[in-house]
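# Got a sequence here, can you model it:
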Amino acid sequence: MSTVTPDQLGHGHDDHAHGHPTGIMRWVTTTNHKDIGTMYLWFSFTMFLVGGCMALTIRAELFEPGLQIVNPEFFNSMTTLHGLIMVFGAIMPAAVGFANWMIPMLIGAPDMAFARMNNWSFWLLPPAAILLVTSLFVPGGGPSAGWTMYPPLTIQNGMGMDLTIFAIHIMGASSIMGSINIITTILNLRAPGMTLMKMPLFCWAWLITAYLLIAVMPVLAGAVTMLLTDRHFGTSFFNAAGGGDPVLFQHVFWFFGHPEVYIIILPAFGIISEILPAFSRKPLFGYASMVYALAGIAILSFIVWAHHMFTTGLPTAGLLFFMYATMLIAVPTGVKVFNWLATMWRGSITFETPMLFCLGFLFLFTLGGFTGLVLSIMPVDIQLQDTYYVVAHFHYVMVAGSLFAFFAGVYYWIPKWTGTMYDERLGKIHFWSSLISFNVTFFPMHFLGLAGMPRRIPDYAQQFADWNMVASIGAFWFGLSQLIFLYAVLKCIFHKGEKAPAKPWDGATTLEWTVPSPAPYHTFETPPVIK
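Numbers count the residues shown, from 1 in each chain. You can find the predicted model right below:
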């Protein structure tokens, strides 16, 4: 096997000596997976703040009944863009940032397989983000059909909708290129001796996620292209007046949209599976079953899409099939939660910030999973469809799921990335502040939904006033908590903390007891001693 020099990879040790770009051009032209991972993470955090400001606009309007600060059309644009920006601009790029940084290091590869394509797939994102945000300021107003873009609402939207459709196309292309790169890297660049079943679970999670992305992103592209031609070229895919069917869009969209939910959460599962064993000082329980559970979740995610459509008049047999298939997906997810708990069971646990975020994830994600199970029951869902109960459910999965796992990943790996330990006190303040404010924001939404408050409305009846006020206070608190995180990260980048040791979690991960799994006769009546 020929060895690859750093120069051939496009990032030699001494950039000046080799005439490599410095300053801003270093970032524009870089093919180094670490630089690209860093850019993904910063882009994602920027979009997280932009989407967060939109969420705060929504919550400010809903602080009390009546119309306070924005008109209903602008309110609808806020809900639409908040959803799109958080999914395509914040959560997915963050996951790809972790993949770029960590996958080559975890499998012993010199870089990603297609280094230049890696650069390109990142640089497609900023123009797409600009298109999304610009859509607010064009004639005809921003897209106001909700992030799901259902016709006929989207057929009547102004020019902002077209910009949104183009932005989604560009982001989809970026995702597909990133996925091809990740799959090729994992399958072809593993270090000698690292079989697939010896890979860190984070790599497995991303391998499966990348296949999901390649399968469903073209479906979304098809759906929005059909929307575009309905809007401008006289087709009638979704226009009932011309013989089309608006419900067809929902089928096509959710065939993308349900696997998308797992695209968002699987990388988070991978991060949790790396961190929990480290701070439990035990190997991960049930490695093989974790891999099969990941694959099972991915396969089942393709046959549950119409649980988003229980109120569209599907035939009863269809309703029952989608109800049972949705309940079935709780099984592999339950396997994963059980394995994480078993990993911690009788471990020597310490509660550094990454571990706290993992535990927050476990508790809140499981709660979000339970409300998902409630919504999978078709007669219940018909009552709760499009209420705040659904809003509460998916924020528990996406924010307390993906976002908390990503925070855990940043705190866990930032000593490796920057060479500086983060401020443990700041990390803990960030965790507790985020955890409490998150629950203050989203837990009351279960009550609002059960009482019948519909989502995506700028005004509401007086009976919903109290819990809405609580949720709005929590939202502003949660938003401000993220500035603590920003400060903690910047301290690391500017090396304002103590220097990270060679193994930053030395106390937490170096086992005196280093058998890959316990000997068969070991009862754990006497837990292994860690010096």
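# so where is the protein shaky, pLDDT-wise?
For the chain, the stretches with pLDDT under 70 are 1-19, 506-531.
# Report the buried residues of the longest helix along it.
As assigned by DSSP state H, the longest helix anywhere in the chain is helix 246-280. By neighbour count on 16 or more other Cβ atoms under 10 Å, the buried set for helix 246-280 is 246-247, 249-280. Glycine gets a C-beta too; all of them are placed from N, C-alpha and C.
# Give me the next element, helix or strand, following that helix.
Using DSSP states H and E, the next helix or strand after helix 246-280 towards the C-terminus is helix 287-300.
# Now do that following helix: which elements does it pack against?
In this structure, helix 287-300 makes packing contacts with helix 201-232, helix 246-280, helix 330-344, judged by 3 or more Cβ pairs under 8 Å, 6 or more residues apart in numbering; DSSP states H and E.
# how about the ones you listed, which one is nearest residue 350?
Nearest to residue 350 among the helices and strands packed on helix 287-300 is helix 246-280; the distance by Cβ to Cβ comes to 5.7 Å.
# helices or strands up against the closest one?
helix 92-107, helix 201-232, helix 287-300, helix 330-344, helix 353-376, helix 388-397, helix 404-418, helix 506-509.
# Helix 388-397 and the fifth one, what's the angle between them?
Helix 353-376 and helix 388-397 meet at an angle of 150 degrees, taking axes from the mean of the first three to the mean of the last three Cα atoms, to 10 degrees as the criterion.
# Now do helix 353-376: distance to the chain's middle.
14 Å (Cα atoms, centre = their mean, to the nearest Å).
# Give me the angle between it and helix 246-280.
150 degrees.
# What residues sit buried inside helix 353-376?
By neighbour count with 16+ other Cβ under 10 Å, helix 353-376 contains the buried residues 353-362, 364-369, 371-373, 375-376.
# For stretch 250-263, give me every contacting residue.
Contact with stretch 250-263 is made by 87, 92, 148-150, 209, 212-213, 215-217, 219-220, 222-223, 226, 297-298, 301-302, 304-309, 312, 394, 397, as judged by Cβ atoms under 8 Å, 6 or more residues apart in numbering.
# Could you pick out the buried ones from those?
Buried among the contacts of stretch 250-263 by 16+ other Cβ under 10 Å: 87, 92, 148-150, 209, 212-213, 215-217, 219-220, 223, 226, 297-298, 301, 304-309, 394, 397.
# what about residue 164, distance to residue 224?
The gap separating residue 164 from residue 224 is 8 Å, by Cβ to Cβ, to the nearest Å.
# again with residue 493
Taking Cβ to Cβ, one finds residue 493 at 37 Å from residue 224.
# and if you look at residue 212?
Using Cβ to Cβ, residue 212 is found at 19 Å from residue 224.
# do residue 349 as well
Taken as Cβ to Cβ, the span from residue 349 to residue 224 is 46 Å.
# Tell me which of those two has more neighbours.
Taking neighbours as other Cβ atoms under 10 Å, residue 349 and residue 224 compare with residue 224 leading, 22 against 15.
# contacting residues for that one?
Per Cβ under 8 Å, 6+ apart, neighbours of residue 224: 149, 165, 168, 169.
# joint contacts of residue 164 and residue 224?
In the contact map built from Cβ under 8 Å, 6+ apart, the residues linked to both residue 164 and residue 224 are residue 149.
# Correct me if wrong: residue 487 contacts residue 426.
Yes. Counting by Cβ atoms under 8 Å, residue 487 does reach residue 426; the two are 6.7 Å apart.
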